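Engineer: What shape does this take:
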Amino acid sequence: MRKSRAETAATRERIVEAAAGEFRRNGIGATGLSNLMGAAGLTHGGFYKHFASKEQAVAEACAYAIGEIGEKLGAAMDKRGARPALHGAINAYLSVEHRDNAAGGCPFAALGAELARGSEAVRDTASAGLEELIAQFAARHAEPGSAQASTEAMLALSSMIGALVLSRIVTDDKRSRDILKQMRLHLTEGG
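Structural biologist: Modelled structure (predicted):
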């Protein structure tokens, strides 16, 4: 029995979502097609019905993961209360919960080095996604649209990504938490 176009699209979406989590959890190179398809509840054999290559799945999963982190950070900025909007995103991003949820977190922190070594299509997807996040942050700046807003957004995101990566690398939980805390303070209190 043949699947409808809607069923095929839903299955592809399920694969992309599962791939985004598996790649962030285990890395792109360490995630085989059977792992990826198994996470989607499917068999390995069906992969090539949906994708021409693993690289195509990586690019689509990357776009999905970037969209997901963008939504989470946007929601955190919208819940801001009395503090500046960016502080909500900074506090959510530089949290122990985010550190401990690589599979559902920022793809740049989880996959940065692998994305940099990816195909041109993967790098294009990652680059476009980073520009979207920078624009999202810059739009919440005190002077949206200014060159300073874009520069400060880029610096904040770069600092946040780096701090999250380092917090995941260190084996001492106290040091890991301190990395997150100090970067949160640096970005929200200016020092």
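Engineer: Do I have it right that residue 143 meets residue 149?
Structural biologist: Yes - Residue 143 lies in contact with residue 149 (CB atoms under 8 Å); the separation is 5.4 Å. No exception for glycine: its C-beta is placed from N, CA and C like everyone else's.
Engineer: Counting neighbours, go ahead and name the busier of these two.
Structural biologist: residue 149 (19 against 10; other CB atoms under 10 Å).
Engineer: For the nearest residue to that one once chain neighbours are set aside, the count of nearby residues, please.
Structural biologist: Nearest residue to residue 149, sequence neighbours excluded (CB to CB, 6 or more residues apart in numbering): residue 141, at 3.5 Å. Neighbour count of residue 141, defined by other CB under 10 Å: 19.
Engineer: Tell me the secondary structure of residue 141, please.
Structural biologist: Secondary structure for residue 141, judged by DSSP: H, G, I helix; E, B strand; the rest coil, is coil.
Engineer: Could I get the contacting residues of residue 160?
Structural biologist: Residues counted as contacts of residue 160 (CB atoms under 8 Å, 6 or more residues apart in numbering) are 90, 93, 94, 183, 187.
Engineer: surely the first one meets residue 189?
Structural biologist: This points to residue 90. No - Residue 90 is not in contact with residue 189 according to CB under 8 Å; the separation is 10.5 Å.
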